[in-house]
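1. how would this look folded up:
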Amino acid sequence: MIDLLYDAIIIGRGPAGISCAIYTARANMKTLVIGKHDSALLKAEKIENYYGFEMPVSGRSLLEAGEKQALRLGAEIASDEAVGIDKAEHFTVYCVNGEYNGRTVLLAPGAPAVKAPIKGIDAFEGKGVSYCTTCDGFFYRNRRVGVLGYADYAVHEAMELLSFTKDITLYTNGMELNISPASREQMNAFRVNTKKIKGLYGGESLEGIDFEDGTSEDVDGLFVAYGSASGVNFAMKMGIMMNGNSIAFNEKMETNIEGLYTAGDCTGVFKQISVAVGQGAIAARGMIEYVRKQKSIMK
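-> Have a look, this model is predicted:
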């Protein structure tokens, strides 16, 4: 029995996510926004092309005003990081500090994650380098694998691999670990290598990692979880249809998974605040219709 079920869970605190939350909250839907206060828009000193502002406005001011508006209308905001999504009867969003259940989900976490700056990584994609533990973990049962990353998302991916193999190393590529206390409690389940990576090596498939100090380690597979989870990461795990490196969607901003919507930079559309806000509003309309339909069926 689910104790708390949100009507709408929104992953992302940027213009797309907050715009959606404003509409779903106004429709009397129990709404939760999940995300860190780390939008790229916070670094925008002056925005001069957003409708309704005669004078330039900072990205921080615009974001904070949007959040205050969403909160005033009844939305909740959790300063957390989503690391996974499942769907059964309802959606479950797994975060660093807990999990949340919802009838609908909006993916609006921003642009796809930047690829790890590792020499040779492109050549081994699909040949030992993977971006999806759910998709490919099965193929590495009882084999030696690595997870490339340094944040909570990487720890989450390493923990998922434990059901397939116990021989797991987290490679930070010289980065300091930036993880929560909850993730630190899980660190004894695998090894950690903090050396700077020089490149990958192998023949027809990945065989190992070279480090800048002249050492190397053999690995059968390397799962990339660099930085935070992006909408594309979620898409690959859930079998969401893609349009190149962007999430595919219909006229309602709905993906091929019923009840799961997307908006903002992860859609690959013109990366402007006005576009993100509009997409968030369109997604909200679809989510509202979906939830009302679900509730009418339950009566």
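2. contacts, neighbours, all on C-alpha from now
-> Fine.
3. any idea which helix or strand comes after the least confident helix or strand in the chain by mean pLDDT?
-> The element with the least model confidence among the helices and strands of the chain, by mean pLDDT, DSSP states H and E, is helix 231-238, at a mean of 76. Next along the chain after helix 231-238, taking DSSP states H and E as the criterion, comes strand 242-243.
4. partner strands of that following strand, parallel or antiparallel?
-> Here strand 242-243 has these sheet partners by DSSP bridges: strand 246-247 (antiparallel).
5. ok now the partner strand, how far from the chain's centre?
-> How far strand 246-247 lies from its chain's middle: 12 Å, per Cα atoms, centre = their mean, to the nearest Å.
6. Output the contacting helices and strands for the next helix or strand after that strand.
-> Sequence-wise, the next helix or strand beyond strand 246-247 is strand 260-262, with elements assigned using DSSP H and E. With contacts defined as 3 or more Cα pairs under 8 Å, 6 or more residues apart in numbering; DSSP states H and E, the packing partners of strand 260-262 are strand 98-107, helix 273-298.
7. which residues are in contact with the next helix or strand after the shortest one?
-> Think strand 98-107. Under the assignment DSSP H and E, the closest C-terminal helix or strand after strand 98-107 is strand 129-130. Residues from elsewhere that reach strand 129-130 (Cα atoms under 8 Å, 6 or more residues apart in numbering): 121, 136, 206, 221-224.
8. So which bits of the helix or strand containing Gly146 are buried?
-> In this assignment (DSSP H and E), Gly146 forms part of strand 145-148. Of all the residues in strand 145-148, those buried under the rule 16 or more other Cα atoms under 10 Å are 145-148.
9. just to revisit the earlier point, which of the contacts of strand 129-130 fall in strands?
-> The strands in this structure, assigned by DSSP state E, contain 206, 221-224 from those.
10. is it true that Leu32 touches Ile9?
-> Yes. The pair Leu32 and Ile9 passes the contact test of Cα atoms under 8 Å, sitting 4.9 Å apart.
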